[in-house]
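Enquirer: Just to be clear, the model below is a prediction. Sequence and coordinates:
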There are 2 protein chains.
Amino acid sequence: MAVTLGQVARHAGVSLATASRALNGSARTVGDGLAARVRASADELGYLPNAPAQALARASTATIGVLLHDIADPYFGALAKGATDTAADAGLLTMVLNTGGDPEVELRCIRMLHAQRVRAIVLAGSGYTDPGATAAIDAALSLYRAEGGAVTAVSDHGDGYDTVLPDNRGGAAALTRALLDLGYRRPAVIAGPERFRVSAERLAGVADALAEVGLTMDQIRVEEAEFSRTGGREAVGRLLDGAAGGRDQDRPDVVLALSDVCAVGVLAELRERGIDVPGGIAVAGFDDIPLAADLAPALTTVRMPLLQMGAEAVGLALGRQDDGPSGPVRTLRLPVEPMLRASTGTP
Amino acid sequence: MAVTLGQVARHAGVSLATASRALNGSARTVGDGLAARVRASADELGYLPNAPAQALARASTATIGVLLHDIADPYFGALAKGATDTAADAGLLTMVLNTGGDPEVELRCIRMLHAQRVRAIVLAGSGYTDPGATAAIDAALSLYRAEGGAVTAVSDHGDGYDTVLPDNRGGAAALTRALLDLGYRRPAVIAGPERFRVSAERLAGVADALAEVGLTMDQIRVEEAEFSRTGGREAVGRLLDGAAGGRDQDRPDVVLALSDVCAVGVLAELRERGIDVPGGIAVAGFDDIPLAADLAPALTTVRMPLLQMGAEAVGLALGRQDDGPSGPVRTLRLPVEPMLRASTGTP
DNA sequence: TTGAAAGCGCTAACAT
DNA sequence: ATGTTAGCGCTTTCAA
C-alpha cells in the first residue's frame, strides 16, 4: 500500500542500503549522482519513511512524552508550549498526556510512553507526597532509564532526576513579604492539595515570611483546594463562612491562593458575594498565568517563567542523551518574582 | 537490553505466538493455565511491549495527531483537552503539534504524522483561504488517507473531511443582533487574519445581522488582527487613532473582536487609554474561552463548546476507522450561543 | 562507494 | 489450543 524504501530503491536502480543512506542519513556517504537519483525517485513516488520501522531498526524513536495534569489549564498550556516547540526544533514529536494529577494514571502513562520507546519523558506536573505512589513511579521510571530513556522533571520529583526547579518556596516567601509590607496583617491561605509536593513548598515559603514578623502558621487560616477555579471558589467560601460569627474582625484582609486558577475562583466568589477586591479583601495568586494581568482586578501573583521551564525541561532531556545516562544530575534553578497588581491594591 | 516477548515466552515455556496472544490480545484464545503463566513471567521480567515493533507487525499504531496553532492559546488548550481525553479513553496516545497557523509548517507536520503512521489526524486549527496552500495540504492528506489514515477537521477545511462544524457564521450573526438590540449603532469589528477561513465565516455572520437593520460592511470599520492579545491591542489602537479627528462621534460604541484572545487585548488597551468599558466603548469577543467570564469586565462573547468539539473530532475519526474510508462524509454541526456579560452592559 | 543479507520485536497466517 | 515460520520496512554490519 504505502511506498516503501524498497520500491524507491528499485525505481532508482540502487540497492536498499544505498537508498536508505541517501534518504535517511547515516554515517556512510553516497555518491552525488546516486543520491540525487534516489531523491528524485522518492519524490516521484511520494515516499515517506515508516517511522515505526525506523524505530525498530534503530532502536530509537524521534518522540518524547510530556506528563501533565491538564492541558487545558493555562499553567500547563504554557509549559507544554515551551516543551513542544523545543522538541519540534530538535526534530522530535511530542506526546502530551493528561494525568489529572492522579499517580495511578501517571504510572500507566509512564508505562505507555516506555512502551512507545520515547526518547525522553518530561514530568511536568507536581511530584507526589505519597511515598507509595512515588516509589511506584520511581520504579517505572528506573526501568525506563535502564533502557536509555531520559527523564526530566519540572519542580521537585526527588533527586536523581534532571530538574528544572523554579523557586516555589522563595517565591511564596517573597510574595508574602510583599503583602505584609503593604500592611496586610490577617492573611489567609488557600493551599494546593496535600498530595502535591509543590503545595508544601509554597506553603513553607509563606511560613518563612510569616516567621520573619513573628507569625506562625497556626495563627492564620489555611484551606486546601484543588488547583482549579472551582477549588478556589469553594475554599474561599469555607474561609468566609468559617470565620466564626462572620465578623469583619475575623475576616482575612488578604487571601493568598497558591495558584492563579484558584485565585480566579476566589475572585469570582468574592464578586458574587459583593465583597470588593481589594477594598474588602485583597487577593493574590501564584504562577502568573497568561491572563492573570487581565482579570478583574488584575491579579497580584508570582511570576513563573512557564515557557522557559517547559523549554529547559526538554533541553535537559536532550542534553542527557549526549552526556550519557550516568552524567551528574543537573538542577536548573529558576528565579521567580512577585508581581504586585491591583488585586492587592494598597490598604 | 529491554525484555522481549521472546524472553517472556522462554521463561514461561511457551511459544512466541502463545505469549503474544496471551499478552497482547488477538482473535485466538489461550488456555487459562498458560495465559496465567505467561502473564506471571511478563510481570516477573518486567516486560513492556515494544510499540514500534507492534506497529510494524500490525501495520497500525495506537496514536493520533492533533494539529493546532498554539497549544498555549486557551481556545486550543480546551480543544486539545477534549481530544486527548477522548483519545486516551480509546487507548490512543496523542501527538500535539503547533503549526503557528502557518500552512507550510502544517504541511510538514502532516508529513511527519503520516510518517508516524498515526491512525488519525485532527485538523484543529482553521482552514486556510490560500488555494495553493490548501491544495498542498489536501494533497498530503489525500496520500495519508489513501493508506488508511482518518482525517477530521474542526471548522471548515473543505468538504471531503469529516468535520465538527461550530456555527461560526450563525454565532457571529446572533451576537451582532444582540448588540444591535442592546442599542449599539456604531459597531467596529476586529476580524481575524484573512488567511484563515474562520475569519471570513465570522465576518459574514456580522454582515448578515447588519443587513437586517439596513447596514452594510462598508459603513463600519473593520480592522484585521492576529488571533492574539497583542493583535487585539494593536487593532483597537488603529481603530481609535484612525477615527479621523478622534471625535466621539466617529468613535465606535462597541468593538466586536472575533476572538476572545483579541478581546483581551482590546480590554487591556482601552484600560490603558482610560476608556471605560462598557461606558465609553463596549467590547465583545468570540469563543468563550475559560477565563472570559473572569475578565475585567466579564466578556460578552459567543460560547463555543470547545471541549466537546475536540472530543467529537476524535470521535469522528474513530468512527471512520469502522465505517471504512469510503463511508459518507460526516458533518457534525454544533450550535453556539451568545453570552451577554458586563463588557457590553446596557447602553 | 555500493550491495547483500542479517536482524530489530512483534503479529498473523498456516500448520498441527 | 498451541507451535512454526514468514514477513512488516528499515538500518547496519560485513563483503566486495
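Expert: Perfect, I can see it now. On a predicted model such as this, the values are computed, not experimentally measured, just so you know.

Enquirer: switch to C-alpha atoms for all contacts and neighbour counts from now on
Expert: Noted.

Enquirer: So which bits of chain A are right by chain B?
Expert: Proximity of chain A to chain B, by CA under 8 Å from any CA of the partner chain, involves residues A:1-2, A:48-53, A:55-56, A:70-74, A:77-78, A:80-81, A:84-85, A:93-98, A:111, A:114-117, A:147, A:264, A:268, A:291, A:294-297.

Enquirer: Please repeat the previous calculation with a cut-off of 6 Å.
Expert: A:48-53, A:56, A:71-72, A:77-78, A:81, A:94-95, A:115-116, A:294-296 (CA under 6 Å from any CA of the partner chain).

Enquirer: Restricted to strands, list these.
Expert: A:94-95 (DSSP state E).

Enquirer: Among the residues of chain A next to chain B, which lie within helices?
Expert: A:51-53, A:56, A:77-78, A:81, A:115-116 (DSSP state H).

Enquirer: Which parts of chain A are strands?
Expert: A:63-68, A:93-98, A:120-123, A:150-154, A:162-166, A:187-191, A:221-224, A:254-257, A:282-284, A:301-303, A:331-334, A:337-339.

Enquirer: on contacts alone, who are the packing partners of the second one?
Expert: Read it as strand A:93-98. If you count contacts as 3 or more CA pairs under 6 Å, 6 or more residues apart in numbering or on different chains; DSSP states H and E, strand A:93-98 packs onto strand A:63-68, strand B:93-98.

Enquirer: What of the fifth one?
Expert: Taking 3+ CA pairs under 6 Å, 6+ apart as contact, the helices and strands that strand A:162-166 lies on are strand A:150-154, strand A:331-334.

Enquirer: pLDDT on it, on average?
Expert: For strand A:162-166, mean pLDDT rounds to 98.

Enquirer: Report the angle between that strand and strand A:150-154.
Expert: 10 degrees (axes from the mean of the first three to the mean of the last three CA atoms, to 10 degrees).

Enquirer: Residues touching strand A:162-166, excluding its own?
Expert: With contact meaning CA atoms under 6 Å, 6 or more residues apart in numbering or on different chains, strand A:162-166 is reached by A:152-155, A:313, A:329-334.

Enquirer: from those residues, which two are the most distant?
Expert: A:329 and A:334 (16.0 Å; CA to CA).

Enquirer: Save the helices and strands packed on strand A:93-98 as a markdown table, and put in mean pLDDT, mean neighbour count and distance to DNA strand C too.
Expert: Output for the helices and strands packed on strand A:93-98, formatted as a markdown table (pLDDT from 0 to 100; neighbours: other CA atoms under 10 Å in any protein chain shown; distance: least, CA to the nearest atom of the strand, whole Å):
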| stretch | mean pLDDT | mean neighbour count | distance to DNA strand C |
| --- | --- | --- | --- |
| strand A:63-68 | 98 | 26 | 17 |
| strand B:93-98 | 98 | 25 | 16 |
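
Enquirer: Export these to a markdown table and append columns for distance to residue A:11.
Expert: Formatted as a markdown table, the helices and strands packed on strand A:93-98 follow (distance: least, CA to CA, whole Å):
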| stretch | distance to residue A:11 |
| --- | --- |
| strand A:63-68 | 31 |
| strand B:93-98 | 33 |
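
Enquirer: Show me the one of the ones you listed that comes nearest DNA strand D.
Expert: Evaluated over those, closeness to DNA strand D peaks at strand A:63-68, with 14.9 Å, by CA to the nearest atom of the strand.

Enquirer: Note down every partner strand of the closest one and its orientation.
Expert: Applying DSSP bridges, strand A:63-68 is found paired with strand A:93-98 (parallel), strand A:120-123 (parallel).

Enquirer: Could you confirm whether it reaches DNA strand D?
Expert: No: counting by CA under 7 Å from any atom of the strand, DNA strand D is not contacted by strand A:63-68; separation bottoms out at 14.9 Å.

Enquirer: Same question for stretch A:48-62.
Expert: Yes: on the criterion CA under 7 Å from any atom of the strand, stretch A:48-62 is in touch with DNA strand D at A:48-51, A:53-54, A:56-58.

Enquirer: what's the angle between the longest helix seen in chain A and strand A:162-166?
Expert: The longest helix of chain A (DSSP H) is helix A:306-323. Interaxial angle of helix A:306-323 relative to strand A:162-166 (the same axes, to 10 degrees): 160 degrees.

Enquirer: Let me know the pLDDT of the residue in the stretch 51-200 of chain A positioned nearest to DNA strand C.
Expert: Distance from DNA strand C to each residue of the stretch 51-200 of chain A (CA to the nearest atom of the strand) is smallest for residue A:57, at 3.3 Å. Looking at residue A:57, its pLDDT stands at 97.

Enquirer: before we move on, back to that, mind checking which of the contacts of strand A:162-166 are buried?
Expert: A:152-155, A:313, A:330-332 (16 or more other CA atoms under 10 Å in any protein chain shown).

Enquirer: Specify which member of those residues is nearest to residue A:208.
Expert: residue A:155 (19.2 Å).

Enquirer: what's the nearest residue to that closest one if we skip its chain neighbours?
Expert: residue A:165 (4.6 Å; CA to CA, 6 or more residues apart in numbering or on different chains).

Enquirer: Tell me if I'm right that residue A:151 and residue A:121 touch.
Expert: Yes: counting by CA atoms under 6 Å, residue A:121 is a contact partner of residue A:151 at 4.9 Å.

Enquirer: Those residues of chain A touching DNA strand D, which are they?
Expert: Residues of chain A lying near DNA strand D (CA under 7 Å from any atom of the strand): A:1-6, A:16-18, A:20-21, A:24, A:26, A:48-51, A:53-54, A:56-58.

Enquirer: Please check these and keep the buried ones.
Expert: The buried subset of the residues of chain A next to DNA strand D - by 16+ other CA under 10 Å - is A:2, A:5, A:18, A:20-21, A:48-51, A:53-54, A:56.

Enquirer: okay if I get these as TSV plus distance to residue A:132?
Expert: Output for those, formatted as TSV (distance: CA to CA, whole Å):
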residue	distance to residue A:132
A:2	47
A:5	48
A:18	52
A:20	47
A:21	48
A:48	45
A:49	43
A:50	40
A:51	37
A:53	37
A:54	37
A:56	34
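
Enquirer: Report pLDDT for residue A:185.
Expert: 94.

Enquirer: Phi, psi for it please.
Expert: Backbone torsions of residue A:185, given as degrees, to the nearest 10, read phi -130, psi -10.

Enquirer: any idea how far it is from residue A:219?
Expert: Using CA to CA, to the nearest Å, residue A:185 is found at 11 Å from residue A:219.

Enquirer: out of those two, which sits in the busier spot?
Expert: For residue A:185 versus residue A:219, neighbours defined as other CA atoms under 10 Å in any protein chain shown are more numerous around residue A:185 (16 against 11).
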